[in-house]
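Asks: got a structure for you, letters missing:
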């Protein structure tokens, strides 16, 4: 069968028209992403820590002299009163010093008595001319010398008695024994710690806090301290002291919270928890799905003019459950991709849809 030339041209024209119509009817498909318009808010992190109750004043008790411990009358956990004897040293050596000092005082007193009598005789004889001035002066000098020696002997006796009194370890105030570091029969040196002592009075809740939590100062609302075993037992507190150095072992900073109106249930050593809000900072909260990275730094996709995206580096202040807190890198009113950003590249045009709709999309 022979096909004429006009018929072939007509067929090609129809095919071209069909192809052109097909291209016009198939629009370009843009990637659909879920977006969120961000607004900065004052974010105050809520921090809960665990610590224990400690005395405001804690000291080590020790003997002022060395010796052998012959008795101990208290143990760890005992509550002691002021001026109570806690332990004693063997007093034999120091008692010998006291006896020797007493003998020296008696001898000095005898010499003073003798020279005083001699001086009185010289005083009576000198006006009558029965003695010389030099003998009178010599008697007076001997009396003054022996009087000085007596005072020195008395001072030595007082010092020996004081040293003897140090063989008794006495508490200067009421408190609780928190530690025992020596036993009966042990020979100890002066100032060696024997007991740990927590004085009665003000109490602190002590916590070990990571330095990153202390970037912003605590708020003025104070701290609520609760008993770990019974959260109903609680007390109001305030940050009283923050150590200026970081522990090399734990990498933490010690924070002492002064307690007001401590309930009876909060005994020394009781485990407690504290909850407080740090000072608010202007930040932006985003869901985890919005976070990506630019090389090795955190970043998010920002939808700009013409619905084109750019990769923006951000500073993440905190990572929370299900969301992040962005401190720097974004401004209020900007649009951020929170879903569907896995296959984006800079400059790509996207189709924005509602965040909830993006989450429901297949």
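Replies: Okay, I see it. The model shown is predicted, which means the values in this text are computed figures rather than measured ones.
Asks: From now on I want contacts and neighbour counts done on CA atoms only, so please keep to that.
Replies: Will do.
Asks: Where does pLDDT dip in the chain?
Replies: 1-28, 42-46, 211-221, 276-281, 354-362 (pLDDT under 70).
Asks: Which residue comes closest to residue 241 once chain neighbours are left out?
Replies: Among residues not flanking residue 241 along the chain, residue 256 sits closest, at 5.1 Å (CA to CA, 6 or more residues apart in numbering).
Asks: Quick check: buried residues in the one helix or strand the one you found maps to?
Replies: For residue 256, the host element (DSSP states H and E) is strand 252-260. Using 16 or more other CA atoms under 10 Å as the test for burial, strand 252-260 gives 252-259.
Asks: Run through the residues that contact the residue sitting nearest the centre point of the chain.
Replies: Residue closest to the average C-alpha location in the chain (CA atoms, centre = their mean): residue 254, at 1.1 Å. Counting by CA atoms under 8 Å, 6 or more residues apart in numbering, residue 254 touches 206-209, 242-243.
Asks: Likewise for residue 201?
Replies: Neighbours of residue 201 in contact, by CA under 8 Å, 6+ apart: 55-56.
Asks: Isn't residue 203 up against residue 263?
Replies: No - using CA atoms under 8 Å as the test, residue 203 is too far from residue 263 to be in contact (10.8 Å).
Asks: These two: which is more packed in?
Replies: residue 203 (23 against 12; other CA atoms under 10 Å).
Asks: hey, what's that one bridged with?
Replies: For residue 203, the beta-bridge partners under DSSP bridges are residue 55.
Asks: Tell me the spacing between residue 124 and residue 113.
Replies: Distance from residue 124 to residue 113, counting by CA to CA, to the nearest Å: 17 Å.
Asks: likewise residue 35?
Replies: Distance, residue 35 to residue 113, using CA to CA: 108 Å.
Asks: what does residue 313 give?
Replies: 98 Å.
Asks: re the thing from before, okay if I get the buried residues of strand 252-260 as TSV plus distance to residue 174?
Replies: Shown next, in TSV, are the buried residues of strand 252-260 (distance: CA to CA, whole Å):
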residue	distance to residue 174
252	32
253	30
254	26
255	26
256	22
257	22
258	20
259	19
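Asks: and these, which two are the farthest apart?
Replies: 252 and 259 (21.4 Å; CA to CA).
Asks: can you give me the helices in the stretch 1-150 of the chain?
Replies: 5-25, 92-125, 133-165 (DSSP state H, counting those that start in this stretch).
Asks: ok now the strand holding residue 256, how far from the chain's centre?
Replies: 6 Å (CA atoms, centre = their mean, to the nearest Å).
Asks: now stretch 112-130
Replies: On CA atoms, centre = their mean, the centre of stretch 112-130 falls 75 Å from that of its chain.
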